[in-house]
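A.B. asks: give me the fold of what follows.
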Amino acid sequence: MSAYPFLKGHGTENDFVLLPDHDGSIHGDLTEERVRALCDRRAGIGGDGVMRVIRTQALAEFDQAVLELHEPDPEWFMDYRNSDGSLSEMCGNGIRVFARHLAESGLIDTSGPVAIGTRAGIRTVTFSDAGEITVDMGRPVLGRDSEVAVPPLAWKATNIDMGNPHAVAFVESLDQAGTLLEEPDYDHAVYPEGVNVEFVVRRGSQHVAMRVHERGSGETRSCGTGACAVMVASAIKDRYAPAGSTPAGDVTYRVDVPGGELSITWTRTDRVLLTGPAVMVAEGITDL
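C.D. replies: Residues are numbered from 1 along each chain as shown. Model (predicted):
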């Protein structure tokens, strides 16, 4: 295989390998095995996932389903895969890193909102003068509650979809989640395609902390969509918005993750806004 360029970036230490593939020329080589090799932290570059940077129209040439997600089509599409090679609909930290790369490469105008395509639909990012990036993550969708377990302990879990599925469990201590080397038990009838599981504790008023086991990646240092799900579940628990309704006014939470902190606002118009850092740390050439 010939060598090709890559970049490495992270958002609150949720790290990713980016592959610039603007015209879609490397699609045939982007196999599950290749993604796993790139994400390998000992024999590869290392990352929680791989993002291909591709124009939406180039991706649509061999993935017509993409066109059904976007109207009108944004110029750029985040083609994201988990570290095990499986496709993922959305990644909240990843899309900030994706946007940072586009900005630093001069591929977008950061003076206003920028639309980016994902398998969960269009997401809009906004750049602040302070350097952080805000993503409009769309509307949260609440499903039927279930249960998650790290034997012998089990907890009720709030079912929230943020473009991908989440089960949010409130615990007494984050240590109760154990090592998270193994996937927590969950109800496969509720989550037939797997689920991201978040464990949450309260730190203060509108301030929580979490750990997460991500579907297809294991425990990660941060999860943007997971933090959004945690914020929504916390706001419901704190009675800012009864289940099935929206907040009477905008409400903001700080969500601590092992890799840093994120600020998340649930608006009275039922949009979830995720704000946090995005940093590019390396670029090079690989033949993995």
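A.B. asks: got the buried residues for stretch 97-104?
C.D. replies: Neighbour-count burial for stretch 97-104 flags 97, 98, 99, 100, 101, 102, 103 (criterion: 16 or more other Cβ atoms under 10 Å). C-beta here means a position set from N, CA and C on the backbone, and glycine is covered the same way.
A.B. asks: and it, how far from the chain's centre?
C.D. replies: Offset of stretch 97-104 from its chain centre (Cα atoms, centre = their mean, to the nearest Å): 15 Å.
A.B. asks: ok, stretch 129-141 next?
C.D. replies: The answer for stretch 129-141 is 11 Å, by Cα atoms, centre = their mean.
A.B. asks: got the contact list for it?
C.D. replies: With Cβ atoms under 8 Å, 6 or more residues apart in numbering as the test, stretch 129-141 has contacts from 90, 92, 95-96, 99-100, 120-121, 123-128, 160-163, 224-225, 228-229, 232, 266, 270-278.
A.B. asks: just the buried residues of stretch 97-104 now: which is nearest residue 203?
C.D. replies: residue 97 (25.7 Å; Cβ to Cβ).
A.B. asks: what helix or strand is the closest one located in?
C.D. replies: With secondary structure defined by DSSP states H and E, residue 97 is part of helix 92-104.
A.B. asks: same for the helix or strand hosting residue 77, what does it pack against?
C.D. replies: In the assignment (DSSP H and E), residue 77 maps to strand 76-82. When contacts are defined as 3 or more Cβ pairs under 8 Å, 6 or more residues apart in numbering; DSSP states H and E, strand 76-82 packs onto helix 32-39, strand 49-55, helix 56-60, helix 92-104, strand 114-118.
A.B. asks: between strand 114-118 and the second one, find me the angle.
C.D. replies: Spelled out, it's strand 49-55. Angle between the axes of strand 49-55 and strand 114-118 is 120 degrees (criterion: axes from the mean of the first three to the mean of the last three Cα atoms, to 10 degrees).
A.B. asks: confidence score at residue 55?
C.D. replies: pLDDT recorded at residue 55 is 92.
A.B. asks: with adjacent residues omitted, what lies nearest to it?
C.D. replies: Spatial nearest neighbour of residue 55, chain neighbours left out: residue 22 (5.6 Å); criterion: Cβ to Cβ, 6 or more residues apart in numbering.
A.B. asks: distance of residue 45 relative to residue 281?
C.D. replies: 11 Å (Cβ to Cβ, to the nearest Å).
A.B. asks: who's in contact with residue 159?
C.D. replies: Residues near residue 159 by Cβ under 8 Å, 6+ apart: 142, 143, 144, 145, 146, 165, 166, 167, 190, 191.
A.B. asks: residue 180: which of these is nearest?
C.D. replies: Using Cβ to Cβ, the contacts of residue 159 come closest to residue 180 at residue 167, 13.6 Å.
A.B. asks: re the thing from before, more crowded one of residue 45 and residue 281?
C.D. replies: Between residue 45 and residue 281, counting by other Cβ atoms under 10 Å, residue 45 is the more crowded of the two (20 against 10).
A.B. asks: brilliant, that's me finished.
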